[in-house]
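In: Show me how the following folds:
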Amino acid sequence: MSKRAKRRRVLKATQVVTISFALVILCGTLLLMLPISSVSGESCGWLTALFTSTSATCVTGLILVDTLSAWTLFGQIVILVLIQIGGLGFMSIIFLMALLVRRKLSLSQRLMAVSNFNLNDMSDVAKLVRSALATTFVFEGIGALILTVSFWPRYGVNAIWKAVFTAISAFCNAGFDIFGTEKIGSLSTYDDNPVVLITVIVLIACGGLGFFVWDEIKKKRRWKRFSLYSKLVIGMTLSLLALGTVFFLLSEYDNAGTMASMPFGQSLVNALFQSTTLRTAGFYSINQGALTDVSLVACIILMLVGGSSGSCAGGLKTGTVGVLLLTLRSGMRGRETVTVRGRTIPQQKVLSAVTLVLAVSFIFLAASIAIAVLDEVPYLAAAYETASAMATVGVTTGITPTLGMASHLILIALMYFGRVGFVSFSLAFLAQNPAKSKISYPEADVMIG
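Out: Sure thing, here's the model as predicted:
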């Protein structure tokens, strides 16, 4: 196959993924607009339905209305199905159907799988999809079982539905909950229950680690046998979780609005939960609107970093940030190449990481400034909301329902970009011709710094 034909196939696969997510969002919007979806018995309106459908499909978690009190069981089921489709990726569902009827995946289908899981090649795509689906259902099933036991004393038989909904929402890094507005919402009523919080932490972390990494863990099982990418992802994930936990423990321990009244053990678990949920989950156990300004800034940074490639998480991804940090280290040492553990990171990968970070930074600044100006809200609150939407996190300081239509449309676009845009951006590099240019231009000296 010629390089031009391969490029056309890759770009076509990108378009299919982009359009597929848009169609799922549209179907979700139409279903949520039905009177049967609303507790009031009347249509919720196109904006609320579109916002909720986008948030669920893009596994974000931002909401305009409370999920428990505004949506009927039918509406909640629609939201949960959208979360599952968005978490696994729409094309994964198509691949599962193809595998069930034992159809061989075509090249274009494999390219779509590469796009969906942010892989670098098309080898063993079908096996990876099967492994991803199996991993998802196992984690969600175990999580739902543990949460059912934990929720039963308070909710009785309703605990089963709440546990299933929470487990799927947590593993898919969506952040939707059906606990209502009791206390401050989400999992705040369980801020003193380590079993619930740790179970959700494990689900979020595992869902955000990446199916490629999980596949390698199951096959190789030893750290020395892991690929450089898996080591980089696991190392970055553990480092961010640890640093985030220590930071929030120190910055919020005396904050009366968050952790001041908690014993040390409870504060530690809630700090770990806060550090974990910012990796694109959207659940919270402490009041996000009461966080200190320095904590809000740290939250924004962690949200933009996000999870890992090929996972349910959004954000720049740990691998991208890891490459960027390695590039920074090489630059400070005056080296022309980026190396780690005796391996050289290709220049194209370095350029891709830098390009993605710069593009996301520009969009983040433009959108956050626009929201702050349009609704006259403090910039830090607008930036928090923007990062939450763009990185498909879902946490909020509480300003989401109060924003105007223009800001809501901006957030919808950010959520869609955060889920589909990053995938399309990654796939676009597969279509690039890595060959060197046939024309060589003379170098120009430019002053830096």
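In: When you work out contacts or count neighbours from here on, use the C-alpha atoms and nothing else.
Out: Fine.
In: Low-confidence ranges, the protein, go.
Out: 1-14, 16, 89-128, 309-313, 421-438, 440, 443-449 (pLDDT under 70).
In: dump the residue contacts of Thr148.
Out: For Thr148, the contacting residues are 159-160, 162-164, by CA atoms under 8 Å, 6 or more residues apart in numbering.
In: One more pass at 6 Å, please.
Out: 159-160, 163 (CA atoms under 6 Å, 6 or more residues apart in numbering).
In: What's the PyMOL line that selects buried ones from those?
Out: Per 16 or more other CA atoms under 10 Å, the buried members of these correspond to this PyMOL selection:
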select buried, resi 159+160+163
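In: For the stretch 151-300 of the chain, which segments count as helices?
Out: 158-171, 194-209, 211-220, 228-252, 264-277, 293-305 (DSSP state H, counting those that start in this stretch).
In: How about the stretch 1-150 of the chain?
Out: Under DSSP H, counting those that start in this stretch, the stretch 1-150 of the chain gives helices at 3-33, 46-57, 67-70, 73-88, 90-100, 107-117, 125-155.
In: Okay, angle between the last one and helix 73-88 too, please.
Out: Orientation of helix 125-155 against helix 73-88 (axes from the mean of the first three to the mean of the last three CA atoms, to 10 degrees) gives an angle of 140 degrees.
In: With Ala132 as the reference, name the closest of the helices of the stretch 151-300 of the chain.
Out: Of all the helices of the stretch 151-300 of the chain, it is helix 211-220 that lies closest to Ala132, at 5.5 Å by CA to CA.
In: List the buried residues for the closest one?
Out: Buried, per 16+ other CA under 10 Å, within helix 211-220: 211-216.
In: Just the closest of these to Leu241, please.
Out: Distances from Leu241 to those, taken by CA to CA, are shortest for Val213, at 17.2 Å.
In: Val81 versus that closest one, what's the distance?
Out: 25 Å (CA to CA, to the nearest Å).
In: now do Val350
Out: 37 Å.
In: now do Leu73
Out: 12 Å.
In: More neighbours: which of those two?
Out: Set Leu73 next to Val81 and count neighbours by other CA atoms under 10 Å: Val81 wins out with 17 against 14.
In: Could you dump the helices of the stretch 151-300 of the chain into TSV and include distance to Tyr284?
Out: Shown next, in TSV, are the helices of the stretch 151-300 of the chain (distance: least, CA to CA, whole Å):
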stretch	distance to Tyr284
helix 158-171	11
helix 194-209	10
helix 211-220	25
helix 228-252	13
helix 264-277	7
helix 293-305	12
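In: picking up where we left off before, among the buried residues of helix 211-220, which one lies nearest to Ser368?
Out: Once CA to CA is applied, the member of those that ends up nearest Ser368 is Phe211, at 31.6 Å.
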